[in-house]
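Colleague: Predicted model and sequence below, questions to follow.
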Amino acid sequence: MDYKEFRSKLMKADTPKKSKVRNSWGVYDAYKQIRKNDWYDIGRPLKEHEFYSIVRGINDLLAKEIVKGNTIKFPHNMGELELRKYKPEVKIVDGKLKIGYPINWDKTIKLWYKDEEARKNKTLLRYEPKYIYHIKYNKYHAMYENQVFYEFDVNRFIKRALVKSINNGKTDTLW
């Protein structure tokens, strides 16, 4: 078995992820709600593709601001979206070793391909970055009920653009 076959078998790359999101509002649900409520006095009814293009444009602007490292404050006291960083650490909690460094899957899989014993022992190779960055939806300034039910998740495109910007030294944050 060559490396590509080994990697695809191990990472299950051939099968797409099957995920279900329940009890969540999407763009189409928002469009139906606005249409149902007589367009909330926005002037004229929008066609579905016009509504989607507006949402896509706003999402692109949000993505550009996040990649720059700026904090986004949502209107009507809906909270903030901010970029955070922290130093990874290794510590012992309840007698178990907790490693905060991210796993380098490319090097780990290459090691497992070459060394069967490392694969059996599940030896992991890790990155050693100075900081780990993540995007946080901050509800501290939010003024609405049921805050635990709201979540903000960025897509893979934004995460990749953020990593590229951080590696080029264009993006940084205070905390």
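Modeller: Perfect, I can see it now.
Colleague: Spit out the contact partners of Tyr31.
Modeller: Tyr31 makes contacts with 48, 51-52, as judged by C-beta atoms under 8 Å, 6 or more residues apart in numbering. Bear in mind the C-beta positions are built from the backbone N, C-alpha and C, glycine included.
Colleague: Quick check: of those residues, which has the highest neighbour count?
Modeller: Taking other C-beta atoms under 10 Å as the neighbour criterion, Phe51 ranks highest of the contacts of Tyr31 with 17 neighbours.
Colleague: Excluding covalently adjacent residues, which one is nearest to that one?
Modeller: Tyr31 (5.1 Å; C-beta to C-beta, 6 or more residues apart in numbering).
Colleague: Local confidence estimate at that neighbour?
Modeller: Here the pLDDT value assigned to Tyr31 is 90.
Colleague: Need phi/psi at it.
Modeller: Taking degrees, to the nearest 10, you get phi -60, psi -40 for the backbone angles of Tyr31.
Colleague: Kindly report the same for Arg126.
Modeller: Note on Arg126: backbone dihedrals following degrees, to the nearest 10 are phi -130, psi 150.
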